[in-house]
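Novice: quick one, fold the following:
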Amino acid sequence: MKHNKKRNTAFLYECLIRELTKAIVQENKVKQTKVKGLLREFFSKGKPLKQELDLYSSILESKGMGKDYSKRFLIETKKDFNDLNRKEIFNEQTSLISKINKVLSGQVFSNFVPNYKDLATVGLFLQDSSLKAKKRIMLEDKMLGMVGREEKPLVEMQHIDKLEFHMFVKRFNDTYEHTLLKEQKDLLSNFITSFADNGLGLKCYLNEEIGRLKNAFDSKIEKDATSPLNENFKRVRQKLDNYAKVPLSEASVEEIFYIQDLLAEVQRDVD
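Specialist: Numbering: from 1, shown residues only. Purely as a prediction, here's the structure:
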């Protein structure tokens, strides 16, 4: 079933929240101001997109419901969704998408959103008027499973004193300022700060960095087709693809660190 993520209000909101988180971790005050401005403009109380977002949230936050109650709840929520001014919401989404592109960047829509599958499922359910009966029934069953499942308990993260954290980052920067590549320092900095946002900033960074590494190795493989190192480049390229299939770990961060070093070394040899 096709899903247009840019017409999913909850997805747009989550992308902005992740962009704000990145700006806070990176201490980018200018970007923080821009993102907060968009959130206030489009998601303040009473705004059309805020009303629609509340309906998404009511479904996403509902867990452990009985089957009969789940059915009634979903029917009533969908009624509320259809009662909203659909044309007004569409126009607001269009305006928000345009402003994100102009004020921030189209890369915002590529931010890692952990619960994207659930957001897409809810979006399809609420907007499924054009779906055939079989697909509607499949989607409804999926929604019943979503609101009926038990919520997993949150794992409490160990608190780190803010002053202690900043001292640690300063020591890191002082130690490695002249010995690491910029991208390696960025990787390690994001890894160090990953405790603060449950790894969100690190995941966002890796989405972009792995994409950069893939493009670089694709270029090397195509350009140096007869090189004896070509097979090694292909194996590294395959490993980069595999990171999307496994949970993020300290070991994978370490591997990416060395891949960054390898790419820089190869590029230096060419230069």
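
Novice: ok, longest helix in the protein?
Specialist: With DSSP state H applied, the helix covering the greatest number of residues in the chain is identified as helix 200-223.

Novice: mind giving me the packing neighbours of it?
Specialist: Packed against helix 200-223 by the contact rule (3 or more Cβ pairs under 8 Å, 6 or more residues apart in numbering; DSSP states H and E) you find helix 9-25, helix 182-192, helix 230-242, helix 250-270. Every residue, glycine included, has its C-beta placed from N, CA and C.

Novice: give me the low-pLDDT residue ranges for the protein?
Specialist: For the chain, residues meeting the criterion pLDDT under 70 lie at 1-3, 25, 63-67, 128-134, 136, 148-179, 192-198, 268-271.

Novice: returning to that earlier point: same list, the helices and strands packed on helix 200-223, but as CSV with distance to K220 and mean neighbour count please.
Specialist: As requested, the helices and strands packed on helix 200-223 are exported to CSV (distance: least, Cβ to Cβ, whole Å; neighbours: other Cβ atoms under 10 Å):
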stretch, distance to K220, mean neighbour count
helix 9-25, 29, 21
helix 182-192, 16, 17
helix 230-242, 5, 14
helix 250-270, 7, 14
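
Novice: is it true that L119 touches V113?
Specialist: Yes: counting by Cβ atoms under 8 Å, V113 is a contact partner of L119 at 6.8 Å.

Novice: common neighbours of the two, please.
Specialist: Residues within reach of L119 and of V113 at once, by Cβ atoms under 8 Å, 6 or more residues apart in numbering, are F11, E14.

Novice: so F112: helix, strand or coil?
Specialist: Assigned with DSSP: H, G, I helix; E, B strand; the rest coil, F112 falls in the coil class.

Novice: measure it to Q127 for me?
Specialist: Spatial separation of F112 from Q127 under the definition Cβ to Cβ, to the nearest Å is 24 Å.
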